[in-house]
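S.K.: from the sequence below, what's the structure:
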Amino acid sequence: MRNALHPIAVALAAAVACEMPPDTRPDVGVATADLTVLWTGAIEGELYPCSCPHTPYGGLARLASVIETELAADPSALLIDLGDFAGDPIEGAVVDEMIARRERAWITLETLGMMSYRALVPGERDLTLGVDRLQDAAREAGIDLLSTNLWRGEPAEPLGLTEMTIDTDVGPVALLSITAPPDPDQVAAAEQGHGRPLDVLEPVPALRLALRSVTPRAALVLLLAHGPTTWARDVLAQVEGVDLCIVAHDDDDPAIPMEVGDSYLVTTGRRGHALGRLRLRVRSDGGAGIGGAAVEVVAESGEDPEVAAVVETIGRRQEDAQRALDEANVGAPHPSGYEYVGFSRCGSCHGDQASAWYASPHIDAFHALQQIGWHVEPECFECHTTGFGFAGGFVDRQLTPTLAGVTCEACHGPGEECEGRDRAPVEDTCRGCHTADTAPAFDYEASLPLVRHPMF
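M.R.: Numbering: from 1, shown residues only. Here you go, the predicted structure:
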């Protein structure tokens, strides 16, 4: 027996799949203690109910109403989210779409704070918003980030809390979390290009170290896992001391809890269509029981008016963000007196040079911003686009596609009436963007061959 309340874990085999009383034996002369755990995961920026014509599920205002009802019945319930409150980045998205993605994410996090969530496990979609911004937004929402295996280096520190211990009627409950390793593009997005490195520790040793600390003092250990169910199951099989693991990712609807060693694992629904719920009961005579069922979020759930009002601000916030971007693009005359024309015009006369550009790293400069979600940030456009802020220069990928990225005119100047003018760039041209802050390892002599092309 791992701890005094191990019968709770033993009783989990019948949990969640159906509603059942925690224990059918009479409580006459027997003291009982209860703990309710409520959770969501993989909301994915779904602010509104789905469009299903039969039973439209979800919607943050409805979810808030369901949670309010549950907390009214049990104010001491633990309410947690297992990550991916943000939606996916849109590959090749125009500026408006990426701004909308970010604003949906921040509104979702803001409303989770209004619903009294205690903890959030960052998912890979959340990390791509940028770790610095994620930490600030979670702090503003009043929600603790829980990240046992997510750290930031130089100097090393956890992304959030490595553990949480909460006093409950059943005793101290320890919360730990693990997040599956993001792919390289997601890591780059999390670091936002110039942030401190994101270190995703191997989950098994990270958990073993944390369990060594919490197990002696915890009556119950809950592991919150953000990642595929098969991955979470493999991790759980390699550690001892976890009573219950709740996992959320891209899996299907919640299934019957599965036994993994001496622990149990239960999955989570997606997009705010249901609220996970487990109620644990412990008896002083050594008995334990559990009841649980996902609470559907449907029209009959009602809507929380305060959350509904915040959700309705998405349009205004998106407009404000787009306006800030537009105002940064003042369209001033270029000091040379000429305007930008786009690489296709350049290539009509300079085919060999254009072919060389297609094979150079500069062609991917704007795509690199898209990968980390920074192609809506004006401060990046001066070096990752061509002519932003000047007449005829970059506006967005949709309106000015031939000026996205570091094209001919970014190095040689505006191409209007270029005949007969020597536009060879010098080292200072390169160092205008490859600075000590943005590219501390930049070596001009070593980098020049990567972009060298035939003379005119």
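S.K.: domain-wise, how is the chain divided?
M.R.: Domain assignment for the chain by automatic domain parsing gives 6-317, 331-451.
S.K.: okay, the ones you listed, which one's buried deepest?
M.R.: domain 6-317 (a mean of 19; mean count of other Cβ atoms under 10 Å). Every C-beta, even on glycine, is put in place using the N, C-alpha and C of the backbone.
S.K.: tell me how far it lies from the chain's centre.
M.R.: Relative to its chain's centre, domain 6-317 lies at 13 Å (Cα atoms, centre = their mean, to the nearest Å).
S.K.: can you put the domains of the chain in a markdown table and add distance to residue 325?
M.R.: Putting the domains of the chain into a markdown table (distance: least, Cβ to Cβ, whole Å) gives the following:
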| stretch | distance to residue 325 |
| --- | --- |
| domain 6-317 | 6 |
| domain 331-451 | 6 |
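S.K.: of those, give the one that comes closest to residue 324.
M.R.: domain 331-451 (7.5 Å; Cβ to Cβ).
S.K.: what about the closest one, how long is it end to end?
M.R.: Domain 331-451 stretches 28 Å from its first residue to its last (Cα to Cα, to the nearest Å).
S.K.: any chance you could map the strands in the stretch 101-250 of the chain?
M.R.: Listed in chain order, the strands of the stretch 101-250 of the chain (DSSP state E, counting those that start in this stretch) span 119-120, 144-145, 150-152, 157-158, 164-168, 171-179, 198-200, 220-226, 244-248.
S.K.: mind putting those into JSON lines with distance to residue 301 and mean pLDDT?
M.R.: Below are the strands of the stretch 101-250 of the chain laid out as JSON lines (distance: least, Cβ to Cβ, whole Å; pLDDT from 0 to 100):
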{"stretch": "strand 119-120", "distance to residue 301": "22", "mean pLDDT": "96"}
{"stretch": "strand 144-145", "distance to residue 301": "26", "mean pLDDT": "96"}
{"stretch": "strand 150-152", "distance to residue 301": "33", "mean pLDDT": "93"}
{"stretch": "strand 157-158", "distance to residue 301": "36", "mean pLDDT": "92"}
{"stretch": "strand 164-168", "distance to residue 301": "26", "mean pLDDT": "92"}
{"stretch": "strand 171-179", "distance to residue 301": "27", "mean pLDDT": "94"}
{"stretch": "strand 198-200", "distance to residue 301": "36", "mean pLDDT": "91"}
{"stretch": "strand 220-226", "distance to residue 301": "24", "mean pLDDT": "93"}
{"stretch": "strand 244-248", "distance to residue 301": "20", "mean pLDDT": "90"}
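S.K.: which stretches in the stretch 301-450 of the chain count as helices?
M.R.: Taking DSSP state H, counting those that start in this stretch as the test, the helices found in the stretch 301-450 of the chain are 305-311, 314-328, 343-349, 351-358, 365-371, 378-384, 408-412, 427-431, 444-451.
S.K.: helices or strands next to the second one in the packing?
M.R.: With contacts defined as 3 or more Cβ pairs under 8 Å, 6 or more residues apart in numbering; DSSP states H and E, the secondary structure elements packing on helix 314-328 are helix 95-114, helix 378-384.
S.K.: switch these over to a markdown table; also include mean pLDDT and distance to residue 416.
M.R.: Below are those laid out as a markdown table (pLDDT from 0 to 100; distance: least, Cβ to Cβ, whole Å):
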| stretch | mean pLDDT | distance to residue 416 |
| --- | --- | --- |
| helix 95-114 | 90 | 25 |
| helix 378-384 | 84 | 20 |
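S.K.: tabulate the helices of the stretch 301-450 of the chain (CSV), appending distance to residue 127.
M.R.: Shown next, in CSV, are the helices of the stretch 301-450 of the chain (distance: least, Cβ to Cβ, whole Å):
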stretch, distance to residue 127
helix 305-311, 23
helix 314-328, 20
helix 343-349, 34
helix 351-358, 32
helix 365-371, 13
helix 378-384, 19
helix 408-412, 30
helix 427-431, 31
helix 444-451, 30
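S.K.: ok now do residue 248, which residues does it touch?
M.R.: Neighbour list for residue 248: 39-42, 82-84, 121, 123, 225-226, 267-268, 270 [criterion: Cβ atoms under 8 Å, 6 or more residues apart in numbering].
S.K.: now residue 364
M.R.: Counting by Cβ under 8 Å, 6+ apart, residue 364 has contacts residue 405.
S.K.: per-residue pLDDT, the closest residue to residue 332 other than its chain neighbours?
M.R.: With sequence-adjacent residues excluded and distances taken as Cβ to Cβ, 6 or more residues apart in numbering, residue 332 is closest to residue 390, at 5.8 Å. Listed pLDDT for residue 390 reads 88.
S.K.: residue boundaries of the helices in the stretch 151-300 of the chain?
M.R.: With helices called from DSSP H, counting those that start in this stretch, the stretch 151-300 of the chain shows them at 184-191, 203-214, 229-236.
S.K.: so for residue 97, which of the helices of the stretch 301-450 of the chain sits nearest?
M.R.: Shortest distance between residue 97 and these, using Cβ to Cβ, is found for helix 314-328: 9.8 Å.
S.K.: sorry, back to before: out of the domains of the chain, which gets nearest to residue 323?
M.R.: For residue 323, the closest of those is domain 6-317, at 10.3 Å, according to Cβ to Cβ.
S.K.: if we ignore the residues flanking it in sequence, what's nearest the residue nearest the centre of the chain?
M.R.: For the chain, the residue nearest the mean C-alpha position is residue 126 (0.7 Å; Cα atoms, centre = their mean). Excluding the flanking residues, the one nearest residue 126 by Cβ to Cβ, 6+ apart is residue 86, at 5.0 Å.
S.K.: show the pLDDT at that neighbour.
M.R.: 94.
S.K.: need phi/psi at it.
M.R.: phi -90, psi 150 (degrees, to the nearest 10).
S.K.: surely it touches residue 129?
M.R.: Yes - counting by Cβ atoms under 8 Å, residue 129 is a contact partner of residue 86 at 5.7 Å.
S.K.: so what sits against both of those two?
M.R.: Common neighbours of residue 86 and residue 129 (Cβ under 8 Å, 6+ apart) are residue 105.
S.K.: about what we covered before: the residue nearest to the centre of the chain is in contact with residue 135, isn't it?
M.R.: No - contact status for residue 126 versus residue 135: not in contact, 10.7 Å apart, counting by Cβ under 8 Å.
S.K.: ok, of the contacts of residue 248, which one's closest to residue 151?
M.R.: Within the contacts of residue 248, proximity to residue 151 (Cβ to Cβ) peaks at residue 121, which comes in at 14.4 Å.
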